[in-house]
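**Student:** Next comes the sequence, and after it the predicted model I'd like to discuss.
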Protein chains: 2
Amino acid sequence: MPDTLLTGPVEIIGVGLLGASLGLALRRQGVEVLLTDVNPDHLRTASGLGAGRPRTADDLPELVVVAVPPTYLGETIRRALDETDAVVTDVGSVKMAPLKAVADHIDVARYVGSHPMAGTERSGPLSATADLFEGRPWAVAPHVGSDPEAILLVEALARLVGAVPKRFDPEDHDEAVARISHLPHLMAAVVAGGLVDAPDRHVELSGPGVRDVTRVAGGSAELYSQILTNNPEPLIEFLTRARRDLAHVIDALRGGDIGAIQQILAAGNDGVGRIPAKHGGPARTLAELWVTVQDRQGELARLFADAAELGVNIEDVRIDHEPERPVGSVHIWVEESSAEAVLEALNGSGWPAHR
Amino acid sequence: MPDTLLTGPVEIIGVGLLGASLGLALRRQGVEVLLTDVNPDHLRTASGLGAGRPRTADDLPELVVVAVPPTYLGETIRRALDETDAVVTDVGSVKMAPLKAVADHIDVARYVGSHPMAGTERSGPLSATADLFEGRPWAVAPHVGSDPEAILLVEALARLVGAVPKRFDPEDHDEAVARISHLPHLMAAVVAGGLVDAPDRHVELSGPGVRDVTRVAGGSAELYSQILTNNPEPLIEFLTRARRDLAHVIDALRGGDIGAIQQILAAGNDGVGRIPAKHGGPARTLAELWVTVQDRQGELARLFADAAELGVNIEDVRIDHEPERPVGSVHIWVEESSAEAVLEALNGSGWPAHR
């Protein structure tokens, strides 16, 4: 076991995707994991996958991780504080709602909320993977009364499963996720919802743009409705701001004010530029190249093999199938500074590529 | 030359990305192409690339394609009708604005507006490629007075360069693009614009969701401000509807009405389901799989080679780098019906994959 504050056992309450993945990741590090779930099928599945063993009455966890749906967070954290002497954390998407629910608990010092920024669109223990937290930010959001040792233990948990702990004030955390996750989700849902009554001939013109904008709106309505209603204040603020911005756009369109529209779009350019590159470093400029491929399946493998051989560092990929044709184009993103050289290399290797 | 109504020569006015690409595509089919541009550098570049030759006073085009920026469309189409006996089309993103500008022209019967749904985020003739229109929808939007022969000639142009012509009423076309392109673009710009004054620690938590939602907002503010202000009526209608929907969300959040939020998100699910699969066929259900890769560059080539060998049909790809780590995950989309088999095959070949 690596050098860590956390020696275990760790109890995980709720073995859905997040809970079971955490169990797998901890077991891989040799930590004893105790599992609890109201659903006996989930408990059996998670144990069977090797995420830990069902907790018994005699077990004394060092740390309890509450990984239940948002609606049940508060009561489950309270019960964990009541029934154990362990440090208690949760992995919910918002941090003020559970904190409010336990703030008056006599042992609230043992509670430190947290939020791993890991994929949660899939659900259930069958989707679990030990790699889920690998390299992801994990927000650790202590309250003013959190025990310093408890905070360090939760940070140790994040590190032990490969995540990168980042400390947040709970209120600030909720503002951050409202901004970079909940607002984009709702805007995507509104755009997608507008397609429900659209004629077929309209949606048939859909291109990569609307596909990108609406993709997150395909996520579970049940899960996200719980998340969003648990973060009302900052979300209402950002939604109000978005409505004001849209009113400004409508005014500019009514007045034919192209300068105002251009200003709004330029702010959008600036905002996109602020989103960090995927490596987590400072934002970098990527160039999008289009490569035409004639026969997708075999061609993709060949394209990537050639790119690797040419030393091309592909930062992202998108496959763009062509309607009614077996031909397609693959979009690749490379560092802007190397774009021209990459284009030349690909063209030289017989790949029709352009910007 | 293939069997086609279009024999040429074709004059292309404006040799940016679209115009020069069209020239290259037509030249590849053996059609004579005459180029015109107010910018002598662009004209020289496009000719040099093989997109056609500069037009002289003696040339008599069969078809004139106007590919100038939105602001200059109307006047350029008028001049083309004045100065030639050719059929005239344009490739602008909206169709009512140019039509209004030429509706009173005595020879308006020779005008048939059109709009190839091809990538236009890059600009300039140097970005041109003969493959730009390959397999793309190309909206052909005749007005009630358009000469039937002229309509057929523009449809022949679309087919000749590999596109799939789809006939639209001009007003209906503009409603369609407002819905599936202009509204999503503005919503993305508003979300992105909201990041401009966000603290670094907030944008550092950005994940794939906000990246997807905002990507189109990185497009040229100058070009899109022209496009959007040329399509005010339907866009104002959809923006007003979006504001109303957002007001509804705010009310539901204020009232803690989780059922209302869930309904809005479920409509979003339905809307996403209406967007056609990339092959242009009916919408299909794709499953997203995550594959963990340890060393990106070589691994990608190996993953795609293995996938091809296993007969896995990858519908789309996304590379998700991990912040502060050399490890990453690759998301692949496959047909839902084959997802379990693909997972098993990938895991069997040593790729840690999960849903």
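**Tutor:** Received the coordinates, thanks. Note that the coordinates shown come from a computational prediction; the quantities given were computed from them, not determined experimentally. Numbers count the residues shown, from 1 in each chain, chains lettered A, B, ... in the order given.

**Student:** how does chain A divide up, domain by domain?
**Tutor:** Using automatic domain parsing, the domain parsing of chain A gives A:10-168, A:174-274, A:286-354.

**Student:** Lowest average pLDDT across those?
**Tutor:** Between those, the one with the least mean pLDDT is domain A:286-354; it has a mean of 74.

**Student:** and that one, how far out from the chain's middle?
**Tutor:** The chain centre lies 27 Å from the centre of domain A:286-354; the measure is Cα atoms, centre = their mean, to the nearest Å.

**Student:** Likewise for stretch A:65-77?
**Tutor:** On Cα atoms, centre = their mean, the centre of stretch A:65-77 falls 19 Å from that of its chain.

**Student:** List of residues touching it?
**Tutor:** Stretch A:65-77 has contacts (Cβ atoms under 8 Å, 6 or more residues apart in numbering or on different chains) with A:10-16, A:18-19, A:22, A:80, A:88-94, A:97-98, A:100-102, A:111, A:157, A:223, A:226-227, A:230. (Glycine included, C-beta is placed from N, CA and C.)

**Student:** Which of those fall within helices?
**Tutor:** Secondary structure defined by DSSP state H assigns A:18-19, A:22, A:80, A:97-98, A:100-102, A:157, A:223, A:226-227 of the contacts of stretch A:65-77 to helices.

**Student:** ok, and which of the contacts of stretch A:65-77 reach chain B?
**Tutor:** Of the residues in these, proximity to chain B by Cβ under 8 Å from any Cβ of the partner chain holds for residue A:226.

**Student:** Now, of the contacts of stretch A:65-77, which are buried?
**Tutor:** Listed as buried from those are A:10-16, A:18-19, A:22, A:80, A:88-94, A:97-98, A:102, A:111, A:157, A:223, A:226-227, A:230; burial here means 16 or more other Cβ atoms under 10 Å in any protein chain shown.

**Student:** Please work out how many residues are found near residue A:168.
**Tutor:** 24 (other Cβ atoms under 10 Å in any protein chain shown).

**Student:** doesn't residue A:138 make contact with it?
**Tutor:** No: Residue A:168 lies out of contact with residue A:138 (Cβ atoms under 8 Å); the separation is 10.3 Å.

**Student:** what about the closest residue to chain B within the stretch 51-200 of chain A, which SS state?
**Tutor:** In the stretch 51-200 of chain A, the residue that lies nearest chain B is residue A:135 (2.7 Å; Cβ to the nearest Cβ). Assigned by DSSP: H, G, I helix; E, B strand; the rest coil, the conformation of residue A:135 is coil.

**Student:** can you give me the strands for the stretch 201-350 of chain A?
**Tutor:** Using DSSP state E, counting those that start in this stretch, the strands of the stretch 201-350 of chain A run over residues A:286-293, A:316-321, A:328-335.

**Student:** Just give the strands next to the first one in its sheet, each with its orientation.
**Tutor:** Okay, so that is strand A:286-293. Sheet neighbours of strand A:286-293, with direction, are listed as strand A:328-335 (antiparallel), strand A:353-354 (antiparallel) (DSSP bridges).

**Student:** could I get these as JSON lines with mean neighbour count?
**Tutor:** Shown next, in JSON lines, are the strands paired with strand A:286-293 (neighbours: other Cβ atoms under 10 Å in any protein chain shown):
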{"stretch": "strand A:328-335", "mean neighbour count": "20"}
{"stretch": "strand A:353-354", "mean neighbour count": "22"}
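
**Student:** Those strands into a markdown table, with extra columns for distance to residue A:142?
**Tutor:** Below are the strands paired with strand A:286-293 laid out as a markdown table (distance: least, Cβ to Cβ, whole Å):
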| stretch | distance to residue A:142 |
| --- | --- |
| strand A:328-335 | 37 |
| strand A:353-354 | 50 |
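
**Student:** of the strands of the stretch 201-350 of chain A, which approaches residue B:354 most closely?
**Tutor:** strand A:316-321 (19.7 Å; Cβ to Cβ).

**Student:** Near chain B, which residues of the stretch 1-150 of chain A? Just list them.
**Tutor:** Counting by Cβ under 8 Å from any Cβ, the stretch 1-150 of chain A comes close to chain B at A:117, A:119, A:121-122, A:126-129, A:131-132, A:134-137, A:139.

**Student:** Around residue A:7, count how many other residues there are.
**Tutor:** By the measure other Cβ under 10 Å, the count of residues near residue A:7 is 14.

**Student:** Quick check: the gap between it and residue A:153.
**Tutor:** 10 Å (Cβ to Cβ, to the nearest Å).

**Student:** How about residue A:43?
**Tutor:** 25 Å.

**Student:** swap in residue A:140?
**Tutor:** 10 Å.

**Student:** Give me the phi and psi for the residue nearest to residue A:137 when sequence neighbours are not counted.
**Tutor:** Of all residues not flanking residue A:137 in the chain, residue A:117 sits nearest, at 4.6 Å (Cβ to Cβ, 6 or more residues apart in numbering or on different chains). Per-residue torsions, residue A:117: phi -80, psi 70 (degrees, to the nearest 10).

**Student:** what residues are up against residue A:117?
**Tutor:** A:136, A:137, A:138, A:139, B:205, B:207.

**Student:** Throw those into a markdown table and include neighbour count and distance to residue B:214, thanks.
**Tutor:** Below are the contacts of residue A:117 laid out as a markdown table (neighbours: other Cβ atoms under 10 Å in any protein chain shown; distance: Cβ to Cβ, whole Å):
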| residue | neighbour count | distance to residue B:214 |
| --- | --- | --- |
| A:136 | 25 | 20 |
| A:137 | 24 | 18 |
| A:138 | 22 | 23 |
| A:139 | 25 | 21 |
| B:205 | 22 | 14 |
| B:207 | 20 | 12 |
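
**Student:** okay, stretch A:29-36 in PDB with CA atoms only?
**Tutor:** Coordinates of each C-alpha in stretch A:29-36 appear next as PDB, following Å, rounded to 0.1, in the frame of the first residue of the first chain:
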ATOM      1  CA  GLN A  29      -4.500   0.000  -3.500                       C
ATOM      2  CA  GLY A  30      -5.000  -2.700  -0.800                       C
ATOM      3  CA  VAL A  31      -7.400  -0.800   1.300                       C
ATOM      4  CA  GLU A  32     -10.200  -2.700   3.100                       C
ATOM      5  CA  VAL A  33     -13.600  -1.600   1.700                       C
ATOM      6  CA  LEU A  34     -17.000  -2.100   3.400                       C
ATOM      7  CA  LEU A  35     -20.100  -1.800   1.300                       C
ATOM      8  CA  THR A  36     -23.600  -0.700   2.200                       C
END
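
**Student:** Go ahead and name everything in contact with that stretch.
**Tutor:** Under the contact criterion Cβ under 8 Å, 6+ apart, stretch A:29-36 has outside partners A:1-2, A:6-15, A:19, A:23, A:26-27, A:43, A:46-47, A:51-55, A:59, A:61, A:160-161.

**Student:** PyMOL command for the buried members of these?
**Tutor:** Buried subset of the contacts of stretch A:29-36, written as a PyMOL selection, criterion 16+ other Cβ under 10 Å:
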select buried, chain A and resi 6+8+9+10+11+12+13+14+15+19+23+26+27+43+46+47+51+52+53+55+61+160+161
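
**Student:** So which of the contacts of stretch A:29-36 are in strands?
**Tutor:** Here DSSP state E is the test, and those give A:10, A:11, A:12, A:13, A:53, A:54 as lying in strands.

**Student:** quick one, what contacts the closest residue in space to the fifth one that isn't next to it in sequence?
**Tutor:** In space, not counting the residues next to it along the chain, residue A:53 is nearest to residue A:47; the distance is 5.8 Å by Cβ to Cβ, 6+ apart. Applying Cβ under 8 Å, 6+ apart to residue A:47 gives the contacts A:35, A:53, A:54.
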